[in-house]
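In: Curious how this folds, go ahead:
(chains A, B, C and D)
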There are 2 protein chains.
Amino acid sequence: MIEVFKTYLKEKGSFSDVELKQIESVTTIKKLRKRQYLLQEGDVWKYNAFITKGCVRTYTVDEKGNEHILNFAVENWWTGDRESLFSGKPSVYNIDALEDSQVALITKENFNLLCKEIPAFNNMVTLILEKSFIVSQSRIQSFISSSAEEKYLKFLETFPHLPMRVPQGMIASYLGITAETLSRIRKNALKK
Amino acid sequence: MIEVFKTYLKEKGSFSDVELKQIESVTTIKKLRKRQYLLQEGDVWKYNAFITKGCVRTYTVDEKGNEHILNFAVENWWTGDRESLFSGKPSVYNIDALEDSQVALITKENFNLLCKEIPAFNNMVTLILEKSFIVSQSRIQSFISSSAEEKYLKFLETFPHLPMRVPQGMIASYLGITAETLSRIRKNALKK
DNA sequence: AGTTTCTCTTGATAAATATCAATGGAATTT
DNA sequence: AAATTCCATTGATATTTATCAAGAGAAACT
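Out: Predicted coordinates for the structure are as follows:
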């Protein structure tokens, strides 16, 4: 199995060698070149995806052609579309690679099996979901209560490493502001 | 046990009578008068709370004294602060009743026990979490891509019954806009 | 190496939304 | 029933953010 994924699993739960083997046996690796889609709008998403290398984004494109980035994911994060996975309906999101990347994929069916057969896996998964929810609540909190500048500063605190890897305009999109506004915010805020 | 809660459980999972009794045995009922706190900023939240009657809101108060409503919960919804529950740290949120209400409370410890001992309960809980996450993702999506008017219209679709129970100004707060702006949006949008 | 494409910045202007202030009606309290 | 508080609306104005357009440097491509 990809070393990054194994290390992650060992850190997040105490799995026996047999269990690790079982997880490995249902994991497939997919390489993505920069700009390649992992999921395209209209397709049904059927996996759980763990990034072992690189960086991807989840986004929508509106009628005017503007992209809206829902989230980023880098090494050791999970990505995918839970909504489409859960409902079986076509996704409204696109996921593509911002760098050459590598992801570990487990189909929904195999993933559910792992959850059923390996309690530690189930616990790990619930914990991840719990944390993802908490993070998204806190993001909503900042949308309802913060100015563009505050959102940006909070973003820097939460994800200090992302600005080095992701174009600034995409960070603006993630924050729900325009690239120009973010540029001006940086000019003002960072000189303080 | 409170009938509303029992009905909910029966609908969400197939529980045996013994299991229902077990759930009942760890459930306590709390009545809230309008405006009464269920959780106050600075306190640690230790429960899972199911609303059997009434309506509550979760909100923060900023330095200027403005309230920012993170969410509402009515009958058959869960409420609480997952972040404080998870971390054991004081909550940054307030939860209070918008009407005279009644909630069913289960402590974290008892809740975890139910999850461990009753698989159907565990499944139900994971499902709720999964759905909550999906809902919050979709709310983030509308924050990054929609105008105030679009957010309001989407809100009406998602929660058609809330405007009848919740003052308009609070809905504005939930949407991250001011009460005045919402009033103007309604004037324009609803005459179309 | 030269060309193209991306990315960020900046300026001018427009649009969206917030703020402040006042009013009147509805609901709640006494 | 009167008094008080709450709530939604409206107007005038300020602030924030978006849009459009141009340019310059960096990165990617051939």
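
In: Nearest spatial neighbour of residue A:32, chain-adjacent residues omitted?
Out: Excluding its sequence neighbours, the residue lying closest to residue A:32 (Cβ to Cβ, 6 or more residues apart in numbering or on different chains) is residue A:97, at 4.0 Å. All C-beta atoms are positioned from the backbone trio N, CA, C, and that covers glycine.

In: Could you point out the bridge partners of that neighbour in the sheet?
Out: residue A:56 (DSSP bridges).

In: what's around it, how many residues?
Out: Residues near residue A:97, counting by other Cβ atoms under 10 Å in any protein chain shown, number 21.

In: I figured it hits residue A:53, correct?
Out: No: Residue A:97 is beyond contact range of residue A:53, at 10.1 Å (criterion: Cβ atoms under 8 Å).

In: residues in chain A within reach of DNA strand D, list them.
Out: Chain A has residues A:147-149, A:176-178, A:180-181, A:185 near DNA strand D, with proximity defined as Cβ under 7 Å from any atom of the strand.

In: Nearest to residue A:79 among those residues?
Out: residue A:176 (19.9 Å; Cβ to Cβ).

In: Phi first, then psi, for that closest one.
Out: phi 80, psi 30 (degrees, to the nearest 10).

In: That one: what's it in contact with?
Out: By Cβ atoms under 8 Å, 6 or more residues apart in numbering or on different chains, the residues touching residue A:176 are A:68, A:143, A:151, B:143-145.

In: go with 7 Å
Out: Neighbouring residues of residue A:176 by Cβ atoms under 7 Å, 6 or more residues apart in numbering or on different chains: A:143, B:143-144.

In: next one: residue A:42
Out: Contacts of residue A:42 (Cβ under 7 Å, 6+ apart): residue A:90.

In: Tell me how far it lies from residue A:61.
Out: Distance, residue A:42 to residue A:61, using Cβ to Cβ, to the nearest Å: 11 Å.

In: Over to residue A:7: give its phi and psi.
Out: Dihedral angles (degrees, to the nearest 10) for residue A:7: phi -60, psi -40.

In: confidence score at it?
Out: Looking at residue A:7, its pLDDT is 97.

In: Now for it, how many residues are close by?
Out: By other Cβ under 10 Å, the residues close to residue A:7 number 13.

In: go on, residue A:187?
Out: Residue A:187, neighbours per other Cβ under 10 Å, totals 9.

In: Can you tell me the element it falls in?
Out: Using DSSP states H and E, residue A:187 sits within helix A:179-189.

In: now do residue A:84
Out: Per DSSP H and E: helix A:82-87 holds residue A:84.

In: what packs against that helix?
Out: Packed against helix A:82-87 by the contact rule (3 or more Cβ pairs under 7 Å, 6 or more residues apart in numbering or on different chains; DSSP states H and E) you find helix B:119-145.

In: Residues contacting the next helix or strand after the helix it packs on from elsewhere in the structure, which ones?
Out: Once the chain leaves helix B:119-145, the next helix or strand it forms, by DSSP H and E, is helix B:148-158. With contacts defined as Cβ under 7 Å, 6+ apart, helix B:148-158 is touched by B:142, B:146, B:171, B:175, B:177, B:181-182, B:185, B:189.

In: got the buried residues for helix B:148-158?
Out: Using 16 or more other Cβ atoms under 10 Å in any protein chain shown as the test for burial, helix B:148-158 gives B:148-149, B:151-155.

In: Could you report the neighbour count for the residue nearest to residue A:136 when sequence neighbours are not counted?
Out: Of all residues not flanking residue A:136 in the chain, residue B:136 sits nearest, at 4.4 Å (Cβ to Cβ, 6+ apart). Per other Cβ under 10 Å, the neighbour tally for residue B:136 reads 20.

In: hang on, isn't residue B:136 packed against residue A:140?
Out: Yes: with contact defined as Cβ atoms under 7 Å, residue B:136 counts as touching residue A:140 (6.1 Å).
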